[in-house]
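*Asks:* Have a look at this prediction, sequence included:
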Amino acid sequence: LMSFSDEQFRCLNVDISMKHSQYTISKSSGRTYVLYNTLFNSMLTLSDTEFAQYEALEFTDLELLEPLVNNGFLIPDYVDEYKRYNYYKSVLSDQLPMSMHYTLTVTSRCNARCIYCYEAGIEPSDMSLDVAKSFVKTALHSDGDIEITWFGGEPLLKPDLISYISRELKKSQREFNAGIITNGSLLTKEMIENQFPLWNIKWVQITLDGMAKEYLKRKRYYNSSEDIFNRVIENIGYLKSNQIPVSIRLNIDTDNQDECIKVAHYLKDKFRESDYVMVYPSFLYGSDRSLQEEHERIDCASNVYALFPPELDLLTCTAKVHPCFITQRHSIVIDTDGSILACDGDVGRQHTKYADIFAVSNFDTLEKPFGMLPKVRRLCETCPYFPKCGGGCVNSYGNSCQYDACFMERYKTEFLLNRLMQSLK
């Protein structure tokens, strides 16, 4: 707290009226209460009598005031915590090291037709060699470490283009790391062992939406066969054997939530305690199949996290400075035609286009238009999970379900706190 300016923080004074921090979560186990502040990562244990004083803001034990104030659980009435959070972000945004992160859409074509795909309806296209050359030239004239996500469509439909860009960067002795988002069906043992080192692949994301029957029904591969599910599982095994971390995403809605829990159990048993296989839930949004109730999402996420727990350092890491691509100056999405976008969810539609690869000499000076960033909704500003989530997906604010915008940090935090409370019983 002392790192804030005098206008943001004043020392405790008996004449200052105090209020509860809106970024505090309270949990109880028997007669023990735990307070956790998501902005300052502070945690405090209270007895039931101490908690009653805290709740009522009426203290018979004045020694209790100091830890409550010093750890941000009680703040002066005049403090606007949302402005305090923004002050915090402005300080950290200038201090945290930032790599240049490029999401390269090498193709919008895909060998599947997922029922929920947000790219459905866009014109299929491939990145041209001219766009690839222009990216390499511009990236080499830009500062910062290079982080690349190979993106699609299905990026493994264009392995030659990925190889070209990787070779050109390496020929210039420019260090870079990369990851790939793929459905995993086109992976092979030979590709993982021979091409992934050239591509500098450090992580892979694959989606599984249920066991074999449900998976095939939702993926709708053009050349579908019953062995695709097993092939993807086999490829996950190859990635594990080559010590390449793979994150398996479960896209969950009302139709498949039970199937996603089944596949999570299956993967837990298949890849027992592997450090290279992680499974995580993600809730589909924007349709009548979305989980509408918060408790449904909490329960479903908790069932997955019980098998694949999130990292405990979520409770101690800094509050989110940049919640998503659209708010990050150094996160750049390049579409197949060379359009530079602010959001990877806008591939093929280009509502967030703000530049063109052929019109920029380096990426360092690119600025996303201020008016492109929607204002954080009031519902998020006052949410106790806001410093961990950062306001979520601003493009989902208009959805009928208010929870569609929530990032998974909200559910991870809830799970970790509940697990902590269970350990106190």
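*Replies:* Ah, there it is. Being a predicted model, the structure only gives us computed values, none of them experimental.
*Asks:* can you pull out the strands in the stretch 301-425 of the chain?
*Replies:* 331-334, 339-341, 353-356 (DSSP state E, counting those that start in this stretch).
*Asks:* among those, which is nearest Thr49?
*Replies:* strand 331-334 (48.6 Å; C-beta to C-beta). All C-beta spots, glycine's among them, are computed from the backbone N, C-alpha and C.
*Asks:* and that closest one, which strands flank it?
*Replies:* Take DSSP bridges as the rule and strand 331-334 pairs in its sheet with strand 100-105 (parallel), strand 339-341 (antiparallel).
*Asks:* The residue lying closest to Leu307 once chain neighbours are set aside: how many residues sit nearby?
*Replies:* Setting aside the residues directly before and after it, Leu307 is nearest to Lys268 in space (C-beta to C-beta, 6 or more residues apart in numbering), at 4.7 Å. When neighbours are counted by other C-beta atoms under 10 Å, Lys268 registers 17.
*Asks:* what's the most buried one of the strands of the stretch 301-425 of the chain?
*Replies:* When you average the neighbours per residue for each of those (mean count of other C-beta atoms under 10 Å), strand 331-334 leads with a mean of 25.
*Asks:* what does it contact?
*Replies:* With C-beta atoms under 8 Å, 6 or more residues apart in numbering as the test, strand 331-334 has contacts from 100-105, 127, 131, 135, 151, 322, 325, 340-344, 346-347, 357, 363, 366.
*Asks:* Test my guess that Asn200 contacts Ile165.
*Replies:* No. Asn200 is beyond contact range of Ile165, at 10.7 Å (criterion: C-beta atoms under 8 Å).
*Asks:* which residues do those two both contact?
*Replies:* Joint contacts of Asn200 and Ile165 (C-beta under 8 Å, 6+ apart) are Ile148.
*Asks:* which one of the two has more residues nearby?
*Replies:* Ile165 (24 against 17).
*Asks:* Tell me which stretches of the stretch 151-300 of the chain form strands.
*Replies:* 176-181, 201-207, 246-252, 277-283.
*Asks:* Against which helices or strands is the last one packed?
*Replies:* For strand 277-283, the packing partners by 3 or more C-beta pairs under 8 Å, 6 or more residues apart in numbering; DSSP states H and E come out as strand 246-252, helix 257-270, helix 294-305.
*Asks:* those helices in this protein, which residues are they?
*Replies:* Taking DSSP state H as the criterion, the chain carries its helices at 48-56, 65-70, 81-93, 129-140, 159-171, 189-190, 196-199, 212-219, 228-241, 257-270, 294-305, 378-381, 386-389, 409-423.
*Asks:* re the thing from before, I'd like the strands of the stretch 151-300 of the chain written out as CSV, with mean neighbour count and distance to Phe40 added.
*Replies:* As requested, the strands of the stretch 151-300 of the chain are exported to CSV (neighbours: other C-beta atoms under 10 Å; distance: least, C-beta to C-beta, whole Å):
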stretch, mean neighbour count, distance to Phe40
strand 176-181, 20, 31
strand 201-207, 20, 30
strand 246-252, 21, 29
strand 277-283, 20, 26
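*Asks:* Throw those into CSV and include distance to Thr60 and mean pLDDT, thanks.
*Replies:* Formatted as CSV, the strands of the stretch 151-300 of the chain follow (distance: least, C-beta to C-beta, whole Å; pLDDT from 0 to 100):
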stretch, distance to Thr60, mean pLDDT
strand 176-181, 55, 97
strand 201-207, 54, 98
strand 246-252, 48, 97
strand 277-283, 45, 96
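*Asks:* now those as JSON lines including distance to Thr316?
*Replies:* Listed next are the strands of the stretch 151-300 of the chain as JSON lines, based on distance: least, C-beta to C-beta, whole Å:
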{"stretch": "strand 176-181", "distance to Thr316": "25"}
{"stretch": "strand 201-207", "distance to Thr316": "23"}
{"stretch": "strand 246-252", "distance to Thr316": "22"}
{"stretch": "strand 277-283", "distance to Thr316": "19"}
